[in-house]
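Colleague: I need the structure of the sequence given here:
(one chain, ligands or ions: 1)
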Amino acid sequence: MAEKTHDNAVAIVTGGARGIGLEICRELLSAGMTVVAVDLRDDLLAGLPDALGSPGERLATRAMDVTDSEGFTALIDEVAEQHGRLDVLVNNAGITRDGLLMRMEDEDWEMVLKVNLTSAFIGIRAASRHMMRQRGGSIINMASFSGLEGNRGQANYSASKAGLIGLTKTTAKEFAGKNVRCNAVAPGFIQTEMTDALPQQAKDVAQGLIPMKRFGEPSDVARAVAFLASDASGYMTGQVLSVDGGMHM
Ligand code: NDP
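Modeller: Coordinates of the predicted model:
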């Protein structure tokens with residue numbers, strides 16, 4: 001179990017209603033944190049307390065499109081003011097709109113960059129103000145193997161995830177002196193609805209590329225996030241932690 005950063009540590013997790021985000025909420029709750037799960041769909045968020053074992057007041061849910069700069073900023077300010085602190089921000093919300101580069105529509109490029117990268121910038125800009133004031137905080141961005149190595153059919157997605165890695169390192173450099181850390185996690189192939197949507201042939205090819213010969217579980221990624229959120233990683237910043245069964249070495 002991850003150590004908590006503070007007795008009343010407060011965390012915001014985007015894309016927290018399902019997949020990897022849901023497991024991140026579970027890990028941070030079990031570390032004793034108060035968690036605000038942000039996601040697009042009210043119906044999914046409504047089922048979250050049950051899915052997470054009814055944690056009571058330590059779990060709040062908010063329906064929000066994280067690309068809404070004004071709305072997402074206001075939400076972060078509101079959470080920090082309500083709890084008197086903000087310790088952890090996990091920028092996990094992400095989408096794919098795959099296709100070969102030559103045929104990729106502008107709209108699919110822009111949408112993926114906006115959800116995966118711009119939303120993280122918005123979140124970091126807002127959260128860092130509170131974290132700097134309290135002289136501590138941990139920001140974790142959900143990158144990807146694709147951002148480290150590129151991937152056919154994912155020009156938009158890999159660019160967004162590579163961008164997140166640059167954003168992670170710059171954030172780390174700008175805020176290190178204030179004890180605000182920023183790291184990224186780079187998952188490989190993880191068993192979620194995002195990868196369920198891949199054609200079987202693509203799944204077989206992917207499996208062949210993984211030295212450990214299996215897809216990871218959302219909890220594998222969530223435990224790495226919980227580590228980066230906790231004081232156990234207190235001297236780490238600007239790092240990209242791969243959770244990918246050995247794909248990126
Ligand atoms: P899922 O598609 O299972 O979950 C993503 C969640 O983010 C969904 O609940 C989705 O909402 C939400 N979301 C999407 N857009 C927005 C938005 N604009 N505002 C708020 N919430 C939004 O994905 P995973 O759990 O698989 O992935 C989580 C993260 O991990 C992503 O950043 C992904 O790129 C990254 N990742 C995943 C890998 C994998 O193999 N699964 C590999 C590498 C990285 P809705 O349900 O409405 O769509």
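
Colleague: For the rest of this, base every contact and every neighbour count on C-alpha atoms.
Modeller: Fine.

Colleague: quick one: pLDDT of the residue of the chain positioned farthest from its centre?
Modeller: Most distant residue from the mean C-alpha position of the chain: residue 102, 29.0 Å away (C-alpha atoms, centre = their mean). pLDDT, residue 102: 98.

Colleague: you'd agree it is in a strand?
Modeller: No: under DSSP: H, G, I helix; E, B strand; the rest coil, residue 102 sits outside any strand and is assigned helix.

Colleague: list the contacts for residue 37?
Modeller: Each residue near residue 37 by C-alpha atoms under 8 Å, 6 or more residues apart in numbering is listed here: 12-17, 25, 45, 59-62.

Colleague: what's the closest non-adjacent residue to residue 80?
Modeller: residue 86 (5.1 Å; C-alpha to C-alpha, 6 or more residues apart in numbering).

Colleague: mind listing what the one you found touches?
Modeller: For residue 86, the contacting residues are 9-11, 79-80, 127, 130-131, 137, by C-alpha under 8 Å, 6+ apart.

Colleague: and if we set it to 7 Å?
Modeller: 10-11, 80, 130-131 (C-alpha atoms under 7 Å, 6 or more residues apart in numbering).

Colleague: surely residue 147 meets residue 158?
Modeller: Yes: using C-alpha atoms under 7 Å, residue 147 is in contact with residue 158, at 4.4 Å.

Colleague: Could you see whether the ligand lies near the helix ranked longest in the chain?
Modeller: For the chain, the helix with the greatest residue count under DSSP state H is helix 155-175. No: taking C-alpha under 6 Å from any ligand atom as the criterion, helix 155-175 and the ligand are apart, separated by no less than 7.7 Å.

Colleague: Name the residues of that helix that are buried.
Modeller: The neighbour-count criterion (16 or more other C-alpha atoms under 10 Å) identifies 155-165, 167-169, 171-172, 175 as the buried residues of helix 155-175.

Colleague: Following the chain onward from that helix, which element is next?
Modeller: Next helix or strand after helix 155-175 toward the C-terminus (DSSP states H and E): strand 180-187.

Colleague: can you give me how far that following strand is from the chain middle?
Modeller: 9 Å (C-alpha atoms, centre = their mean, to the nearest Å).

Colleague: picking up where we left off before, show the average pLDDT along the longest helix of the chain.
Modeller: Helix 155-175 carries an average pLDDT of 99.

Colleague: What of stretch 24-43?
Modeller: So the average pLDDT for stretch 24-43 ends up being 97.

Colleague: End to end on it, go ahead and measure it.
Modeller: Length of stretch 24-43, first residue to last, C-alpha to C-alpha, to the nearest Å: 19 Å.

Colleague: What sits closest to residue 162 if chain neighbours are left out?
Modeller: Once flanking residues are discounted, residue 162 sits nearest to residue 147: 4.1 Å by C-alpha to C-alpha, 6+ apart.

Colleague: Burial check on the one you found, number of neighbours?
Modeller: Summarising burial for residue 147: neighbours were counted as other C-alpha atoms under 10 Å, giving 22.

Colleague: and it, that one's in a helix?
Modeller: Yes: Residue 147 forms part of a helix when assessed by three-state DSSP.
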